[in-house]
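In: next comes the sequence, and after it the predicted model I'd like to discuss.
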Amino acid sequence: MFTVTDLEKRYGDETAITDVSFSLEPGSLAVLVGRSGAGKTTLLRCLNDLEQSDGGSIRFDGEPLDATDVALVFQAGALLDGKSALENVLDGGLAREPLWRELVGWHAPAEKRAAIERLHAVDLDGYATRRVGDLSGGERQRVGVARALHQEPRVLLADEPVASLDPATARHVLDRLAAVVRREGVIGLVSLHQPRLADAVADRFLGLAEGRLTLDAPADDVDPDRIAEVYRD
Ligand SMILES: Nc1ncnc2c1ncn2[C@@H]1O[C@H](COP(=O)(O)OP(=O)(O)OP(=O)(O)O)[C@@H](O)[C@H]1O
């Protein structure tokens, strides 16, 4: 169980998030919703250790979370365009490999097999040797998901992973992400701005309003009116 308790983050005098507490189960995808400025990115950055929180705790099965347990899905633009899809995914596992292997571009066969399996999981069979710079937005975003999975995280985070995609492509990327989260028993937390898409993939909803958690419920118990409330002034 992934447990966040009383998390707080301030920027100077401004409180970005406060009193944020929730728990998430392995193998489920939680969707984080909220208006612009509600604190979604701040929360995800605190969970990924990109920001130092000002209070509260983040634990996994009662133990403080190790930064290597958490992976953030790279935005498509953060991938290395000149490298192949497979090389970008392999980069996700660099922490497990000696530096010299990366320098000479040689990866252990087991790592390569695992990386190819990650590409398969996001429907990118046959794309291993394609240059990422030549892929479409949806394909690149799926490489980003495969790369994050190759870190073998316990917690997978994504900040608006489909913001720049058309609705059908966005749905496909999210469906693949949800499927691997469920199959691999990872804890998934993604922020989304499109309530319809959120409804299609979420196992649980978290909603932030002005830095406070105002919604935390299984998706089956949340109707569109309840989500609209999170966005209300
Ligand atoms: N580095 C920063 N320095 C100062 N204030 C910040 C910083 N980052 C975020 N904030 C403030 O914290 C609050 C929460 O911002 P955050 O980016 O987390 O919101 P968000 O819900 O992700 O918004 P959006 O949907 O627009 O991305 C906002 O008031 C924002 O202006």
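Out: Thanks, I have the structure now. Residues are numbered from 1 along each chain as shown.
In: neighbours of residue 6, just the number please.
Out: 12 (other CB atoms under 10 Å). Where C-beta positions appear, they are placed from N, C-alpha and C, glycine not excepted.
In: three-state assignment of it?
Out: Secondary structure, DSSP: H, G, I helix; E, B strand; the rest coil: residue 6 is strand.
In: quick one: contacts for it?
Out: Counting by CB atoms under 8 Å, 6 or more residues apart in numbering, residue 6 touches 19-21, 55-57.
In: up against the ligand, what does the chain have?
Out: Applying CB under 6 Å from any ligand atom, we find that the chain lies next to the ligand at 11, 14, 16, 34, 36-42.
In: of those residues, grab the buried ones for PyMOL.
Out: The PyMOL selection below is limited to those of the residues of the chain next to the ligand classed as buried (16 or more other CB atoms under 10 Å):
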select buried, resi 16+34+38+39+40+41+42
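In: in strands, which of the residues of the chain next to the ligand fall?
Out: 11, 14, 16 (DSSP state E).
In: tabulate those (CSV), appending distance to residue 3 and pLDDT.
Out: Compiled in CSV, these are given as follows (distance: CB to CB, whole Å; pLDDT from 0 to 100):
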residue, distance to residue 3, pLDDT
11, 25, 96
14, 26, 95
16, 20, 97
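In: where does pLDDT dip in this protein?
Out: 76-77, 102 (pLDDT under 70).
In: helices of that one, start to end?
Out: For the chain, applying DSSP state H gives helices covering 40-47, 85-91, 99-104, 109-121, 137-150, 167-184, 195-201, 224-231.
In: ok, which of those comes nearest residue 4?
Out: Proximity to residue 4, assessed across those by CB to CB, is greatest for helix 40-47 (7.2 Å).
In: what residue of this protein is the furthest out?
Out: Here the centre of the chain is the reference, and by CA atoms, centre = their mean the most remote residue is residue 104, at 29.9 Å.
In: so the spatially closest residue to residue 8 that is not a sequence neighbour versus residue 18, what's the distance?
Out: Excluding its sequence neighbours, the residue lying closest to residue 8 (CB to CB, 6 or more residues apart in numbering) is residue 55, at 3.9 Å. Shown here: residue 55 relative to residue 18, a distance of 8 Å by CB to CB, to the nearest Å.
In: shared neighbours, those two?
Out: residue 8.
In: more crowded one of those two?
Out: Applying other CB under 10 Å to residue 55 and residue 18 shows that residue 18 carries more neighbours, namely 18 against 12.
In: tell me the contacts of that one?
Out: Residues in contact with residue 18 (CB under 8 Å, 6+ apart) are 8-9, 211-212.
In: give me the buried entries from these.
Out: Neighbour-count burial (16+ other CB under 10 Å) applied to those gives 8-9, 211.
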